[in-house]
Every structure is written in C-alpha cells, then in structure tokens.
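A.B. asks: turn this into a structure:
(2 chains)
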2 protein chains.
Amino acid sequence: MENLESYYQSRFAARTRRIQASTIREILKLTQEPGFISFAGGLPAADLFPTQRIAEATQRILLEHGPQALQYSTTEGYPPLREWIASRMPGASPENVQIVSGSQQGLDLFGKVFIDPGSKVLVEAPTYLGALSAFNPYEPRYISVSMDEEGLRLDELEAALEAHRPRFMYVLPTFQNPSGRLMGLERRKAIVELARKYQTPILEDDAYAELYFSGQPLPTLYALDQALGGGNVVYLSTTSKTLAPGLRVAWVVGPKPVIQKIVYAKQGADLHSPTLNQMLVYELVRDEGWYRAQIERIRQAYQTRCNWMLSALQKYMPEDMGWIVPQGGMFFWLTAPEGLDSLELLKQAIEEKMAFVPGQPFFADGSGKNTLRLSYSSATREQIEEGLRRLGRAAHRMLGRAPVG
Amino acid sequence: MENLESYYQSRFAARTRRIQASTIREILKLTQEPGFISFAGGLPAADLFPTQRIAEATQRILLEHGPQALQYSTTEGYPPLREWIASRMPGASPENVQIVSGSQQGLDLFGKVFIDPGSKVLVEAPTYLGALSAFNPYEPRYISVSMDEEGLRLDELEAALEAHRPRFMYVLPTFQNPSGRLMGLERRKAIVELARKYQTPILEDDAYAELYFSGQPLPTLYALDQALGGGNVVYLSTTSKTLAPGLRVAWVVGPKPVIQKIVYAKQGADLHSPTLNQMLVYELVRDEGWYRAQIERIRQAYQTRCNWMLSALQKYMPEDMGWIVPQGGMFFWLTAPEGLDSLELLKQAIEEKMAFVPGQPFFADGSGKNTLRLSYSSATREQIEEGLRRLGRAAHRMLGRAPVG
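C.D. replies: Numbers count the residues shown, from 1 in each chain, chains lettered A, B, ... in the order given. Coordinates of the predicted model:
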C-alpha cells in the first residue's frame, strides 16, 4: 500500500492510457485569477439564461408533479420531451429518440456501441475535442480528413472512405466547434450521398444548430439522408446552447437498431437522465413562441459580440493572421503564419493575462499547431477590446514585430 | 439500407453482445396495467420525497445563484458538496471525492477504469444487477463467491482471492440489493484484511447506508480500511434513497490515483453532473437537523412496511419458503424450495396481477433460480396484504398445494 500510484497503475484497464489529463486544461486553470481575460472556455452567455422562467417552471413542476419529477424514470427519457424532439425531425417518431445527459454523453454512448479497439473513425480536421475524449477510451484509430471553407474536402473524403471503410464518420456541419464553419447545402448533399455510397453511418453533431445570425437554417444531414430513404445518420443535439448547459439535457435521434443499443448502454451507464431536468426542459420548449424569442435573443447577442471581436481582430492582429468570419455559433478560428506555435503563443498571452485554446488538440492527427480558437459568446465589449489588444501584443512579439493599436 | 438491423449489426462493437435487453424488464412492462400490484421495482417511496423543501431550495438557488446553477461546471463536482461528503468519511479530503450521476454512473466509470476484456471481477452471489449491467460492456469475467446470513463466506472468499487474484472485488455490505443482508462487524473486518492481504481493491457500494431500522450503523469497509492505513477501498454512495433518485446525485470516494482516472473518464462520459442538482442536494443536506429528521422519517416508514410484509409472508407463503428478515433497506429476499423456478412463478404471479423480480439475474454465475426479491419501500398496507395473498396463491399452485389465507 506504500505506493498507491503504482499499486493502482497495475490494476487499471489498458484503455486508461488514453484517458489522460489535458495539459492545456492544466494551463488554463491559471486563467481563473482576477484580471485575466479568457476566450478559452466555450461557455454560453450566463446573462442570457432564462433564469426567472426556469425558476417558475421548476416550481410548477414540483408542486404539480413532484413525486414523478423526483422519482426514477425510464432510460429512454421523458415521453413528452421525446415527442417534441421527434416532431421536429423529419421521419422520426419518439422511439427514435433517446434523451442523454448532454451531447457529451451521446458521444460516449455512441462510442461504446460502435468502437472496438482499432476501429477506424473518420473525423474532420479539426474536430470537436470533447468527441475525441469520449471516443478515446474505446481505442479507435482516427482517420482525419481536412477541410476547406465549406467543410470536409470531398475528394479527400471519398478517398478515405474507399481506402479505410471506417466504422462511422463524425461530422459537425453547423458552426463547428472549434472552427465555426458552416457547411454549405451542396457539400451537405454530397457528403450524405458519399456516406450512403460507402455504407458508412454518419454521426451528426448539431449542438450549435439554432445559433444562425441570419438567413434560413440549412437542412441537417439527418433530413437530407431521410430524403434519400434514411437510416444512415444518427443525430445529436442539445439544450446547452439555447437554454442552459448546467441542466445537462440533450438527445440522440437515430434508426431504431442504434437507439435500442444506446438505450441499453445508457441503462448501464447511469439508468436515466434526471427526471426533473427533462420535465423542466419540456416545460420551457413547449411554449414555442417563448422558445423562439429566447433563441432570437441569443442569436442577436452573439452576433453583436462576434462583430465586436471581428473589429478587434482587424485592429490588433498581425496582418498574416487569418480567420473565418462566423455566420453563427460561438467561435472565431484563427490561423497564424506557419511556424507560429499557438501553444507558445498561449504562454505569451498568459503573461499578458489573456487566454485562448490552442488548436492542435482539436486535430486527431496532431496537426494544426498554428491554429487557435477564441470564444466570444460570454465576453463583454471591453473584454473583447482589451483581450485582443493583449493577444495582439503577444503575437507581434512572437513574430518579432512591433504591436499595433 | 433495406435491412437496417443487419446493416448496423455488422458495425456495432463486440462489447454490444453484452449490452442486452433484459427479458425480465420486458415481462415487467406488463405490470404497468391498472390493478397490478408490483413489488418488483426498487423504488424509494415517493410520498417521502421532501418535495416542498426541494421546491423552496431550488427557488432560493436559482434566484441567488442562477447563472452559476445553470452554467457548465467542473467535472469533479460542486466544491461545497464534495467538502460535505469528505467531512463524513474518515481520512478523506474533497480531492478524494467525485460527484457522479447516480451510483450507476459510479459503477460504469469504475468499470471503465478497471476492467479489461477478460479481467476477473469478484462479486457476491447474489450481487446488484445494475452493477453487472455497468461492468458487462467492459467484458469482465466474474468470480462469484457465495454468502451466508452475514455476507461473503470467508473460506470461499480467501480461496477465490488466492486462486484468481481479481482486478477488484465488488461488495454491498449494508442491506444489500437484492438480498437485504447486513454484513456483521467481524465479517467486515475480516474482508477488509483479506483484501489487503491479497492486494485486491474493494469497491464498496453503500447505497442503503442510512436505512437502518434501529441500532448504530456499523463502520463502512472504507472506514475499517482507513484504520489499517487506507487506500484499498473505493466507496460509492448516493442521495437516491434519502432525498430523491430523480435528481441523480451520488459520489465516489477513493484514493487520489483512482479518483483522478475517474475524473478524466467522467469528463469524456458527460463533462459533469447537472450543476443545479448538485447545488440543490448541498442546500438540503447542509441543514444537518433537517436531513437527520428526513432520514428518520424514511427509516420509520420502511420499518413499518417491512413489518407488514413480514406478517403477510408468514400468513400466505408455503411453509418451505425461506426469507431473511431485513434490519434495514428496502427488500425481502425469498428462497423457494429447490426446483421451484422463480421465473415460472413470476409468470404465474402475473396471471394473478402481481409481480416481483426473479433472483437469477442477480447471480453472475447463473445460479439462484429458486430465489426472488420483493420490495416493500413503496407499498401500502393493502397492497402488501393483497399482493402477498396473490403470490401465495401462485406459489401454492406451482407446488401443487392448496393456498392458505
């Protein structure tokens, strides 16, 4: 018992080699100090949480349905919420819907059901870091496909599908975390068709679905696949970006054979998501008028913050720093000149009391050293102005140039 | 795409062969019909949920700390709740505590961190069915050790530890689900010592810890191990039996190397448990006087219901049906004469519109065909009387005898 570390090390499962602390998370712990300006966390704006409405709805549920809200419930989830979700997805019925505790749990359960050690999983480069943490314990081998402004490169994608026949492909078509990219309609159609041609199921992560700044939402990959007969897309979305992430209510929609396995997997994983939280979410979204207005409020606020950040980027960044201008979502994705290591830039920025997330961890193939992600969703105008000024100073210093602004 | 079932079957991970529907769960779905009396579910009494108190506390939290309660939070859990838990465990600090979404998630994460395919896991016979569902996807090999009235048989346990050197042993010393057994103090000490001697960590599941009908609680295996130097027991408990299971708030307490791995595993599994629910639980338990009174209320109600069931068992059961008289918890465990298959008895009972859980699924080695579990926690006096009358009729019929009462 003297050395607990080695005692347990020899008892841990092999998969724990891929369950690791993130060095970046450790660095970012420093940024909790006062005076720090951080664009690192992907936090929705807390000032836009419908706190009062949530308080009223919780009260109503507890007083009218307390024993039900506080009791164990079915693994599949609260039936009226599953019905509401199904009603918004073409061709879906409530049996196609599983409620999960955040999209993160959807990713974990999907990984548990689909990934054997060594299974090939096709991902975008970059892709959502949390998906890699969810899949890693199941020990997949990642096939990374690079992206242009519109999303996955079709030629590369087809070559990868043909050569590797992956177990599934994981795609974030709408305001991808981290890159903020919006995949265009033609690209969406082409990807859905390629996936069907190569019989590779798609896991579509649509966490940012509602955060369009303007225009009509594009059809989901799920909807486009339905139009071709359906069955090849499993869809994941959440209330974390529209209501409140602290409630942990999200959902998986998919073909029945997949949902069945996910139900059994969830039963073993946590029995069910909290009953009260599911009832609360339903109580909020059932009022369509209010829910639309809530989303509109978030869209406008994020668009404003995005514009502030765009101005500040233009003002303070070195001229060879590139970025994608978001049409929605919560993130700016920056590409620095080749050779500038964003992890080094982060260390410099921390000296200036400013933080962001370096891009490399979002690449399953370890590339992307010169990329970084900035989140504007929770920032004030002053924080954006001052934070970008500090980042600009750090970047100019690293590039051996005099700062601007 | 024509046959989705076979399309996906060839894409699922090998572990899904051990992620299955439970036939019993399917049978028990029938028992939702009106007129049915079911002692099958292990449901805490909803009439004892502190609904009003929960409504008030939720209100207070949302109005005073709404943005925090609704925002993302750390994977480890709400710090004041972790402190409160640590303060009740000898030798523990908050760094030894991980908040999880129900004990079930604790079991899943523990399995993820400790079980490789083929790893030996020592379990009681019978053991908690939910633990088997949590561990199964990680493909362990179970070593079952039989029990007497006081718990695991020491001679058999020592032989199994010596022969198999399991990865860990999973034990429910207090009012075990399903058997209701309370492990005595000497047995507890002996098991903790054996585990240390054979360097086998113990996972102690203490979900029913507070449900003593009388007398002083016995020390946990965790506390006994601490007295010997500590580090060899990982402890799991929950608010599901004392406050409300629908909140899904539970905890793991263990040595730092284990908790660290569990933190990383949870980060990939669901990021964190709902913030609001954790704050709510802390708001309730921090009032020690009220919390004690709440537990006392549950103890008294369950003891009364247990006594009703004991009388009805004595009145209606065939004389060669045996049972353990519970000293706490929620369950009666019945042993029928050898040769009586309790799954067949369930079918007969369902004819009588009465249900229970057959015992066999609680045995990892497939034994226990003549055992069954009855839950009294949620039943009224009338339901207990009438339900046992029906079960008695079914049992007498199966044994070819005339019913009594």
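A.B. asks: please make it C-alpha for all contacts and neighbour counts, starting now.
C.D. replies: Will do.
A.B. asks: tell me how far the spatially most central residue of chain A lies from chain B.
C.D. replies: By Cα atoms, centre = their mean, the mean C-alpha position of chain A lies nearest to residue A:177, the distance being 5.1 Å. Counting by Cα to the nearest Cα, to the nearest Å, the separation of residue A:177 from chain B is 16 Å.
A.B. asks: nearest spatial neighbour of that residue, chain-adjacent residues omitted?
C.D. replies: The shortest distance from residue A:177 to any non-neighbouring residue, by Cα to Cα, 6 or more residues apart in numbering or on different chains, is to residue A:128 (5.5 Å).
A.B. asks: report the contact partners of that neighbour.
C.D. replies: By Cα atoms under 8 Å, 6 or more residues apart in numbering or on different chains, the contact list for residue A:128 reads A:176-178, A:362.
A.B. asks: interface residues of the stretch 201-350 of chain A facing chain B?
C.D. replies: With Cα under 8 Å from any Cα of the partner chain as the criterion, the stretch 201-350 of chain A meets chain B at residues A:229-232, A:244-248, A:255, A:257-258, A:261, A:264-265, A:267-271, A:273-276.
A.B. asks: can I get the buried part of these as one PyMOL selection?
C.D. replies: Only the buried entries of these go into this PyMOL selection, using 16 or more other Cα atoms under 10 Å in any protein chain shown:
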select buried, chain A and resi 230+231+232+244+245+246+247+248+255+257+258+261+264+265+267+268+269+270+271+273+274+275+276
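A.B. asks: for the residue nearest to residue A:177, give its distance to chain B.
C.D. replies: Distance of residue A:128 to chain B, computed by Cα to the nearest Cα: 12 Å.
A.B. asks: pLDDT score for that residue?
C.D. replies: We have a pLDDT of 96 for residue A:128.
A.B. asks: please apply the same query to the one 5 residues further on.
C.D. replies: Residue A:133 carries a pLDDT score of 95 in this model.
A.B. asks: tell me which element the nearest residue to it once chain neighbours are set aside falls in.
C.D. replies: Of all residues not flanking residue A:133 in the chain, residue B:268 sits nearest, at 4.8 Å (Cα to Cα, 6+ apart). Element membership of residue B:268 [criterion: DSSP states H and E] is helix B:256-270.
A.B. asks: excluding its backbone neighbours, what's nearest residue A:92?
C.D. replies: residue A:86 (5.1 Å).
A.B. asks: and that neighbour, which of the three is it?
C.D. replies: helix (DSSP: H, G, I helix; E, B strand; the rest coil).
A.B. asks: can you report how many residues lie near it?
C.D. replies: 18 (other Cα atoms under 10 Å in any protein chain shown).
A.B. asks: check the gap between residue A:122 and residue A:285 for me.
C.D. replies: Distance of residue A:122 to residue A:285, computed by Cα to Cα, to the nearest Å: 34 Å.
A.B. asks: among the two, which residue is more densely surrounded?
C.D. replies: residue A:122 (26 against 19).
A.B. asks: just the pLDDT for the more buried one.
C.D. replies: On the pLDDT scale, residue A:122 gets 98.
A.B. asks: and residue A:390, by the same measure?
C.D. replies: 97.
A.B. asks: angles on the backbone of the residue nearest to residue A:142 when sequence neighbours are not counted, please.
C.D. replies: For residue A:142, ignoring the flanking residues on the chain, the nearest one in space by Cα to Cα, 6+ apart is residue A:121 at 4.9 Å. According to degrees, to the nearest 10, the main-chain angles of residue A:121 amount to phi -120, psi 120.
A.B. asks: over to residue A:170?
C.D. replies: Note on residue A:170: its backbone torsions stand at phi -110, psi 120 [degrees, to the nearest 10].
A.B. asks: so what's the residue count around it?
C.D. replies: Here the number of neighbours of residue A:170 (other Cα under 10 Å) works out to 20.
A.B. asks: about what we covered before: how about the contacts of residue A:128 in CSV, adding distance to residue A:197, pLDDT and secondary structure?
C.D. replies: Formatted as CSV, the contacts of residue A:128 follow (distance: Cα to Cα, whole Å; pLDDT from 0 to 100; DSSP: H, G, I helix; E, B strand; the rest coil):
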residue, distance to residue A:197, pLDDT, secondary structure
A:176, 24, 97, coil
A:177, 27, 96, coil
A:178, 28, 97, coil
A:362, 28, 96, helix
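A.B. asks: which one of those sits closest to chain B?
C.D. replies: Set against chain B, the nearest of these by Cα to the nearest Cα is residue A:362 (14.4 Å).
A.B. asks: which residues does the closest one contact?
C.D. replies: Taking Cα under 8 Å, 6+ apart as the definition, contacts of residue A:362 comprise A:125-129, A:178.
A.B. asks: can you say which of those residues are buried?
C.D. replies: Buried members of those, scored by 16+ other Cα under 10 Å, are A:125-129, A:178.
A.B. asks: what's the helix ranked longest in chain A packed up against?
C.D. replies: Secondary structure of chain A read by DSSP state H shows that its longest helix is helix A:288-316. Packing contacts for helix A:288-316, counted by 3 or more Cα pairs under 8 Å, 6 or more residues apart in numbering or on different chains; DSSP states H and E, involve helix A:381-398.
A.B. asks: buried set for the helix it packs on?
C.D. replies: Quick answer for helix A:381-398 (16+ other Cα under 10 Å): A:381, A:383-396.
A.B. asks: what does it contact?
C.D. replies: Residues from elsewhere that reach helix A:381-398, judged by Cα under 8 Å, 6+ apart: A:37-38, A:305, A:308-309, A:312-313, A:316-318, A:340, A:345, A:348-349, A:352-354, A:376, A:402-405.
A.B. asks: next, the angle from it to helix A:288-316.
C.D. replies: 40 degrees (axes from the mean of the first three to the mean of the last three Cα atoms, to 10 degrees).
A.B. asks: in PDB, list the C-alpha atoms belonging to helix A:381-398.
C.D. replies: Taking C-alpha atoms only, helix A:381-398 is exported to PDB below (Å, rounded to 0.1, in the frame of the first residue of the first chain):
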ATOM      1  CA  ARG A 381     -17.200  44.700 -25.400                       C
ATOM      2  CA  GLU A 382     -14.500  45.800 -23.000                       C
ATOM      3  CA  GLN A 383     -13.100  42.400 -22.500                       C
ATOM      4  CA  ILE A 384     -13.000  41.700 -26.300                       C
ATOM      5  CA  GLU A 385     -11.200  45.000 -27.000                       C
ATOM      6  CA  GLU A 386      -8.700  44.600 -24.200                       C
ATOM      7  CA  GLY A 387      -8.300  40.800 -24.600                       C
ATOM      8  CA  LEU A 388      -7.500  41.200 -28.300                       C
ATOM      9  CA  ARG A 389      -5.100  44.100 -27.700                       C
ATOM     10  CA  ARG A 390      -3.200  41.700 -25.300                       C
ATOM     11  CA  LEU A 391      -3.300  38.800 -27.800                       C
ATOM     12  CA  GLY A 392      -2.100  41.200 -30.500                       C
ATOM     13  CA  ARG A 393       0.900  42.300 -28.300                       C
ATOM     14  CA  ALA A 394       1.800  38.700 -27.600                       C
ATOM     15  CA  ALA A 395       1.500  37.700 -31.300                       C
ATOM     16  CA  HIS A 396       3.500  40.600 -32.600                       C
ATOM     17  CA  ARG A 397       6.200  39.900 -30.000                       C
ATOM     18  CA  MET A 398       6.400  36.300 -31.100                       C
END
